[in-house]
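*Asks:* Structure of the sequence below:
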Amino acid sequence: MTECVFFEDEPSVPYINPVDYLKNLYTVGFEEVRNSDGTFTVKKATGENMTLDPDADTVSFDIYENFCGNDTDQAGSSLQMDFVKEHPTRFLSETKGVTFELSKYQIDVAEVDGEIYLPLPTIADFFNATYNAGEYYDGSIYYTHTYGSEIYFDKSKYFATVERDKSLIDYDYRELCFVMDTLYGKPYKSKMSASINELGLDKTLDTYNDETRMVKELLLSDSKIDYMAGLSIMQGYFFDGGHTALNYESNLYGSDTVLGKAWADFMTDPENEQIVKRIFALNMNGDNIIYEFRLKPQRAEKYA
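*Replies:* The predicted model follows:
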């Protein structure tokens, strides 16, 4: 059984041991070693290492791409794909390690009773490229495919209310800033990319223009509807050709839930017309908006 740790200042954020998490994503083994300098190294059976520093709140990888690679579709495992043969990653030049400074986002790398822990959403974001993730819901962790699969556990409680967990709002925003600054697909089709590379997402939203300041307010709202609207506008800002996306879950469930109906009402309310236009990225003024996307009429006879 996997155990989570919770802290008083973030009562709704579960912290999980990296080995306990990774063994549910991969078919290879992992080992945790406590080093003499107080750091912890997670060793992957294929030879790559991840080092966590609870004093500096950093996570380092010697070869991040390889540590994330070699994932679930391995020969001989229950997840082996028929008729598909995978080849390992080859690097044609020198590889370099990378260190993620979680301290910049007030995200803790925690040591508890001689074990190392990361917030579950943070470690899930590190390994999002596997399309597998752990979700903490109603007292349990469920491991699920994050793309193209049905939910196998009951999440109806989440969709039965439009109010966000107030203890998660600030953490969710800081985690989003971390992901957008460091892990999100690039280059964006966005005029603000240079500002984010220089200042980070948070300061860019504060300073870029009135609309980005509104987006930040939506992301920090205690309403799930506002939050989804903020993410939907962000999806327009940070479209990168289709490889990466910010999705809002209500659409997966239709309008037969409290949250789904509230989202449908929001999208059809004339008072929200300007926000809805931003969400769909239609008829935008390039002087004020991050990028421009226009629908071009097609001649019917071309497809007759």
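
*Asks:* what about the nearest residue to Ser103 once chain neighbours are set aside, neighbour count?
*Replies:* Leaving out its chain neighbours, the residue that sits closest to Ser103 by CB to CB, 6 or more residues apart in numbering is Asp57, at 3.9 Å. C-betas here are computed from N, CA, C, even on glycine. For Asp57, the neighbour count with other CB atoms under 10 Å is 18.

*Asks:* Show the contacting residues for Asp57.
*Replies:* 101-103, 107-109 (CB atoms under 8 Å, 6 or more residues apart in numbering).

*Asks:* which of these lies closest to Phe7?
*Replies:* Comparing the contacts of Asp57 against Phe7 with CB to CB places Asp108 closest, at 7.7 Å.

*Asks:* That closest one: what secondary structure?
*Replies:* coil (DSSP: H, G, I helix; E, B strand; the rest coil).

*Asks:* Please apply the same query to the one 10 residues further on.
*Replies:* Secondary structure of Leu118, reduced to three states by three-state DSSP: strand.

*Asks:* So it versus Lys96, what's the distance?
*Replies:* Using CB to CB, to the nearest Å, we find Leu118 at a distance of 23 Å from Lys96.

*Asks:* what do you get for Thr244?
*Replies:* For Thr244 relative to Lys96 (CB to CB), the value is 22 Å.

*Asks:* Need the contact partners of stretch 90-107.
*Replies:* Contact with stretch 90-107 is made by 56-66, 108-109, 119, 122, 126, 171, 174-175, 177-178, 182, 200, as judged by CB under 8 Å, 6+ apart.

*Asks:* Which parts of the stretch 101-250 of the chain are strands?
*Replies:* 110-112, 115-119, 132-137, 140-145 (DSSP state E, counting those that start in this stretch).

*Asks:* winner for burial among those strands?
*Replies:* Of all those, strand 115-119 has the most neighbours on average by mean count of other CB atoms under 10 Å, namely a mean of 22.

*Asks:* List the pairing partners of it within its sheet, with orientation.
*Replies:* Next to strand 115-119 in the sheet, as set by DSSP bridges, lie strand 10-16 (antiparallel), strand 110-112 (antiparallel).

*Asks:* Can you flag the weakest of the ones you listed by average pLDDT?
*Replies:* In terms of average pLDDT, strand 10-16 trails the rest of the strands paired with strand 115-119, at a mean of 92.

*Asks:* buried residues in it?
*Replies:* Within strand 10-16, the residues scored as buried using 16 or more other CB atoms under 10 Å are 10, 13-16.

*Asks:* OK, contacts around the closest residue to Glu135 other than its chain neighbours?
*Replies:* Closest residue to Glu135 apart from its sequence neighbours, by CB to CB, 6+ apart: Tyr142 at 5.1 Å. Contacts for Tyr142 (CB under 8 Å, 6+ apart) come out as 134-135, 152-153.
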